[in-house]
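1. coords please:
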Amino acid sequence: MKAWIDRDGCISCGLCASTCPEVFRMDDEDIAEVYVDEIPEDVEDMAQEAADSCPVSVIHIEED
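-> As a prediction, the model looks like this:
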């Protein structure tokens with residue numbers, strides 16, 4: 001699985017980074033970013049929870 005973020009729509013709430021820090025983090029501009037190429041299998045559920053919980057729905061999870 002892969003994740004990507006529509007960074008233009010990010011409101012910098014940090015929910016994704018706190019829900020799944022293995023995949024998401026806040027960059028120097030306090031905008032969320034994905035910092036792994038592949039979502040580790042053991043955190044796929046947490047990554048999906050972060051996407052589902054995003055208040056502006058800018059996180060996308062895709063199957064390979």
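2. Against which helices or strands is the longest helix along the chain packed?
-> Determined from DSSP state H, the single longest helix within the chain is helix 44-53. If you count contacts as 3 or more Cβ pairs under 8 Å, 6 or more residues apart in numbering; DSSP states H and E, helix 44-53 packs onto helix 15-19, strand 59-62. (C-beta placed from N, C-alpha, C; glycine too.)
3. Now tell me what touches it from outside.
-> Helix 44-53 is contacted by residues 1, 3, 15-16, 19-20, 22-24, 39, 59-61 when judged by Cβ atoms under 8 Å, 6 or more residues apart in numbering.
4. picking that back up, now tabulate the helices and strands packed on helix 44-53 in CSV and tack on distance to A32.
-> Converted to CSV, those look like this (distance: least, Cβ to Cβ, whole Å):
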stretch, distance to A32
helix 15-19, 5
strand 59-62, 8
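5. just the ones you listed: most buried one?
-> helix 15-19 (a mean of 19; mean count of other Cβ atoms under 10 Å).
6. so what's W4 closest to, chain neighbours aside?
-> Distances taken as Cβ to Cβ, 6 or more residues apart in numbering place H60 nearest to W4, at 5.3 Å, with adjacent residues excluded.
7. can you tell me how far the one you found sits from D27?
-> Applying Cβ to Cβ, to the nearest Å, the value for H60 to D27 is 18 Å.
8. does the spatially most central residue of the chain have beta-bridge partners, and which?
-> Nearest residue to the geometric centre of the chain (Cα atoms, centre = their mean): F24, 4.5 Å. Beta bridges link F24 to V34, judged by DSSP bridges.
9. ok so, going back, quick one: the contacts of helix 44-53 as a markdown table, columns for pLDDT and distance to D52 too.
-> Output for the contacts of helix 44-53, formatted as a markdown table (pLDDT from 0 to 100; distance: Cβ to Cβ, whole Å):
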| residue | pLDDT | distance to D52 |
| --- | --- | --- |
| M1 | 97 | 14 |
| A3 | 98 | 12 |
| L15 | 98 | 11 |
| C16 | 98 | 10 |
| T19 | 98 | 9 |
| C20 | 98 | 11 |
| E22 | 98 | 17 |
| V23 | 98 | 14 |
| F24 | 98 | 13 |
| I39 | 98 | 14 |
| I59 | 98 | 8 |
| H60 | 98 | 11 |
| I61 | 97 | 9 |
